[in-house]
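Colleague: Give the three-dimensional model of this entry:
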Amino acid sequence: MAQGLPLTYLEAGEANGGTPLLVIHGLFGSARNWQTLAKRFAEQRHVYALDLRNHGGSPWADSMSYPEMADDVLRFLDDRGFPRAAVVGHSMGGKTAMTLALKHPDRVERLVVADIAPVAYTHTHAPFVAAMKRANLEGCTRRSEVEAQLADAVPEAPLRSFLLQNLVMEQGKFHWRINLDAIGSSMADLIGFPDLGEARYTGPTLFIGGSRSDYVLPEFYPAIRDHFPTAQIEMMKNAGHWLHAERPEEFAAMVERFA
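Modeller: This next block holds a predicted model:
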């Protein structure tokens, strides 16, 4: 039995005895970001969209390395008696899915990785964490008041709206439902990728990159091939890092053809 944390999730579709599909969100995301796509995927599979640790409704923890988050997903499978699952992961969720597949290849039927590679990046989201922590939520009654405080650090309105999905009001007060302290202190782990030696996953694997994103570049292909020798790599035209949100129909069709 894995020693991971118990994750919260959204479920779609009916259990039919087939292999379930797990959907794993990226940094600052949650299962509910994938609700519409999960319902579509549920036409073919029993779907679980997970909240990773320190996100959504899942438990908080001081650390969030990829091996730890992969253990959380493994516990999810073990707790439900699922011998294996197909897994779709975006960004941080993609690295979590890759780590799960590399550490426990027998538990992953097939793998879809959305706009991320098994490499360390120089991108850091620390400024977003800092801006969210700086925001004074005391006395705020409208989301627009908090959004205004993020505007300088996060000039892109769609990105601000995405981050603000983590702002919730309870008992008349706003608070962040993600663990900003843990995310900030774990940023080096999150932009990196664990050293798993010569681990390989030889099951069916699809990497989907956004043509306007710099997360799946040709120079990363060797690292992809080293760990995932059967991987197909497809680029989605006119899509950035959040390709599943920008072009949901095209993304869903690509996943359905593969999974």
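
Colleague: Could you identify the longest helix within this protein?
Modeller: Criterion DSSP state H: the longest helix present in the chain is helix 66-79.

Colleague: Give the other helices and strands that that helix contacts.
Modeller: For helix 66-79, the elements it packs on are strand 21-24, strand 47-50, helix 92-103, judged by 3 or more C-beta pairs under 8 Å, 6 or more residues apart in numbering; DSSP states H and E. For the C-beta atoms, the positions are set from N, CA and C on the backbone; glycine is no exception.

Colleague: Now do the same for the residue of the chain positioned farthest from its centre: helix, strand or coil?
Modeller: In the chain, the residue that sits farthest from the middle, by C-alpha atoms, centre = their mean, is Gly139; the gap is 32.0 Å. Gly139 falls in the coil class when you classify it by DSSP: H, G, I helix; E, B strand; the rest coil.

Colleague: Can you pull the phi/psi pair for it?
Modeller: Backbone geometry at Gly139, expressed as degrees, to the nearest 10, gives phi 80, psi -10.

Colleague: same question, the one 4 residues further on
Modeller: Arg143 adopts backbone torsions of phi -60, psi -30, taken as degrees, to the nearest 10.

Colleague: Model confidence for it, exactly?
Modeller: What the model reports for Arg143 is a pLDDT of 95.

Colleague: Over to the one 10 residues further on?
Modeller: As summarised for this prediction, Ala153 has a pLDDT of 94.

Colleague: Show me what the helix or strand Gly89 falls within pairs with in its sheet, parallel or antiparallel.
Modeller: Per DSSP states H and E, Gly89 falls inside strand 85-90. Counting by DSSP bridges, the strands paired with strand 85-90 are strand 21-24 (parallel), strand 108-114 (parallel).

Colleague: Kindly state which of these is positioned closest to Arg160.
Modeller: strand 108-114 (21.8 Å; C-beta to C-beta).

Colleague: quick one: contacts of that closest one?
Modeller: 19, 84-91, 93-94, 97-98, 100-101, 201, 203-208, 228, 243-244, 251, 255, 258-259 (C-beta atoms under 8 Å, 6 or more residues apart in numbering).

Colleague: Next up, the contacts around the closest residue to Ala31 other than its chain neighbours.
Modeller: Of all residues not flanking Ala31 in the chain, Ala49 sits nearest, at 3.8 Å (C-beta to C-beta, 6 or more residues apart in numbering). Contacts for Ala49 were tallied using C-beta under 8 Å, 6+ apart; they are 9-12, 22-25, 31-32, 34-35, 38.
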